[in-house]
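Student: Predicted model and sequence below, questions to follow.
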Amino acid sequence: MTGTGGSAMEESIEFGSIRANSTKQQSTTSSLNSDEAAVSSAMAQLRNQGVVIVAHGSRGKPKTVRLQLTKDSITWRTETRRKNATGHSKEIKLGKLHSVALNNIMYVDVGKQTTALRRSENASVPESLCFSLLTKEGSLDLEANSPRERDALVGSFSLVLDDVHAQNWRDIYRASNEMPSSFDEYDEENGVGGPR
């Protein structure tokens, strides 16, 4: 009888751990579905009315822009709200329309990885809000309104870049000889590694 009681006890313990794992799996699945929904929503917003977000440059003040995704490019323009005499927003002044072809965007950088986002003027901007779209010519450095929005936009652009480039955009970045790591100079100066 002790063997049966021990066995029942083991089953109970196993069942308890299976139940706990099952709850964790459901929570993870729910979180994944929530993340997928956020990416899907961000993608729809980018393709339709656009996303109002802050763009940072290597000089000057950050600007509010409306970022949109078209079939073959990303467009943005500044939006400045003018106030009337009572202090209420009266009209929106739109700046010049800018665009970058999707096939010119190499990858998405998450956080404050670029010079523009690491400027001392942007020290108070949380890294969890920042990301950049990098091309061979430069970057579009952006600050989302929340970490969730940033993650959803990064996910959206990652999906778009996967579709645009014939091979995975992450592989293009890793294989690119035109964008050496900042450590490459150090390695060459100190004789680490060899010529490529």
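Tutor: Alright, I've got the coordinates.
Student: Can you list the strands that the strand ranked longest in the chain pairs with?
Tutor: Longest strand of the chain, by residue count under DSSP state E: strand 73-83. With DSSP bridges as the test, strand 73-83 is paired with strand 63-69 (antiparallel), strand 89-94 (antiparallel), strand 98-101 (antiparallel).
Student: List the residues that contact the closest residue to Gly50 other than its chain neighbours.
Tutor: Leaving aside its sequence neighbours, Gly50 sits nearest to Gln68 (Cβ to Cβ, 6 or more residues apart in numbering; 3.8 Å). C-beta here means a position set from N, CA and C on the backbone, and glycine is covered the same way. Contacts for Gln68 (Cβ atoms under 8 Å, 6 or more residues apart in numbering) come out as Leu46, Arg47, Gln49, Gly50, Val51, Ile74, Thr75, Trp76.
Student: so what's the fourth one up against?
Tutor: In this structure, Gly50 makes contact with Arg66, Leu67, Gln68, judged by Cβ under 8 Å, 6+ apart.
Student: For it, give me the pLDDT.
Tutor: Listed pLDDT for Gly50 reads 95.
Student: Next one: it relative to Ser132, how far apart?
Tutor: 18 Å (Cβ to Cβ, to the nearest Å).
Student: Pull out the buried residues from the contacts of Gln68.
Tutor: Among these, those buried by neighbour count (16 or more other Cβ atoms under 10 Å) are Leu46, Gly50, Val51, Ile74, Trp76.
Student: residues in contact with the first one?
Tutor: With contacts defined as Cβ under 8 Å, 6+ apart, Leu46 is in contact with Leu67, Gln68, Leu69, Leu153, Ser156.
Student: Out of these, which is nearest to Glu137?
Tutor: Closest approach to Glu137 among the contacts of Leu46 (Cβ to Cβ): Leu67, at 17.9 Å.
Student: Let me know the closest of the buried ones among the contacts of Gln68 to Asp141.
Tutor: Distances from Asp141 to the buried ones among the contacts of Gln68, taken by Cβ to Cβ, are shortest for Trp76, at 11.6 Å.
Student: List the contacts of the closest one.
Tutor: Trp76 touches Ala55, Val65, Arg66, Leu67, Gln68, Leu97, His98, Ser99, Leu140, counting by Cβ under 8 Å, 6+ apart.
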